[in-house]
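Engineer: Below is the structure, and that's it, no one-letter string:
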């Protein structure tokens, strides 16, 4: 079965990757594609903030039946404390990403540059992680070898393509089969030629997915009760 047919199937079941998510403040994402004979495996890594703090969600889709679809949450990012961040920690502190510790020193103007909130405690974690992404530019994503290890897959899966920018689609938008990037990725897989991939108009930056902020949930719950 081809790529867009499978992705469309999950899209219709609301199992396709959602970047605009009321339960998850999105920061950044990547896509990896692996090939093995006539089989393919597509993996999204999505970094963001949920109610428990930083999280990496891994979505996978494949033609191979035993790994056809799934979502796995990984604990690859840790702030200095598991408790709610203080305002002081927006400006000075440490963060560990993929077992590497980074020290940061920020000033309010750096947050203002990206329109990141520093006055609402509900947005501290999101604002900090987004600024770390912009300013420190750490390595957020597992590499191909680490991904295969995570899913206990053998080395017969060959890395074919990796990207951190592309034109993504959403569940309220056109399905993947109508998306220029996923259509071209399907052609590239069939012909084993990454030069056939068209990124389209990239929309992966977090600023494109801020309509439903995690901090707004409390207001929505009040509205629903009313």
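Structural biologist: Perfect, thanks for sending it. Everything numeric here is computed off the predicted structure, so don't read it as measured data.

Engineer: and residue 32, what helix or strand is that in?
Structural biologist: Assigned by DSSP states H and E, residue 32 belongs to strand 25-36.

Engineer: Please apply the same query to residue 118.
Structural biologist: Residue 118 belongs to no helix or strand, assigned by DSSP H and E.

Engineer: So for it, what's the pLDDT?
Structural biologist: pLDDT, residue 118: 96.

Engineer: same question, residue 143
Structural biologist: 97.

Engineer: ok, the next helix or strand after the strand holding residue 32: who's next to it in the sheet?
Structural biologist: Using DSSP H and E, the helix or strand that follows strand 25-36 towards the C-terminus is strand 39-50. Strand pairing for strand 39-50, determined by DSSP bridges: strand 25-36 (antiparallel), strand 53-62 (antiparallel).

Engineer: Can you give me the distance of the nearest residue to residue 187 once chain neighbours are set aside to residue 190?
Structural biologist: Distance criterion Cβ to Cβ, 6 or more residues apart in numbering; nearest residue to residue 187, sequence neighbours excluded, is residue 196 at 4.8 Å. All C-beta spots, glycine's among them, are computed from the backbone N, C-alpha and C. For residue 196, the distance to residue 190 (Cβ to Cβ, to the nearest Å) stands at 9 Å.

Engineer: Show me what counts as buried in stretch 165-174.
Structural biologist: 165, 166, 167, 168, 169, 170 (16 or more other Cβ atoms under 10 Å).

Engineer: Now it: average pLDDT?
Structural biologist: Across stretch 165-174, pLDDT averages out at 86.

Engineer: State the distance spanning the first to the last residue of it.
Structural biologist: 19 Å (Cα to Cα, to the nearest Å).

Engineer: Low-confidence regions, this structure specifically.
Structural biologist: By pLDDT under 70, the low-scoring segments of the chain are 171, 213-226.

Engineer: which residue ranges form the helices in it?
Structural biologist: Using DSSP state H, the helices of the chain run over residues 3-12, 108-113, 124-135, 144-150, 180-191, 217-225.

Engineer: Can you give the domain ranges for the chain?
Structural biologist: 3-76+140-208, 79-138 (automatic domain parsing).

Engineer: can you list the buried residues of stretch 165-174 in CSV and add distance to residue 64?
Structural biologist: What follows is the buried residues of stretch 165-174, written out as CSV (distance: Cβ to Cβ, whole Å):
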residue, distance to residue 64
165, 27
166, 23
167, 26
168, 24
169, 23
170, 26
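
Engineer: Quick check: of those, which lies closest to residue 33?
Structural biologist: Top of the list for closeness to residue 33, among these and by Cβ to Cβ, is residue 166 at 11.3 Å.

Engineer: Need the nearest residue in space to that closest one, chain neighbours excluded.
Structural biologist: residue 181 (4.7 Å).

Engineer: try residue 184
Structural biologist: Closest to residue 184 by Cβ to Cβ, 6+ apart is residue 198, at 4.1 Å.

Engineer: Am I right that residue 7 is in contact with residue 181?
Structural biologist: No. Residue 7 lies out of contact with residue 181 (Cβ atoms under 8 Å); the separation is 11.0 Å.

Engineer: most centrally placed residue in this protein?
Structural biologist: Nearest to the geometric centre of the chain sits residue 46, at 1.8 Å (Cα atoms, centre = their mean).

Engineer: Mind listing the residues bridging to it?
Structural biologist: residue 29, residue 57.

Engineer: With adjacent residues omitted, what lies nearest to residue 49?
Structural biologist: residue 25 (4.3 Å).
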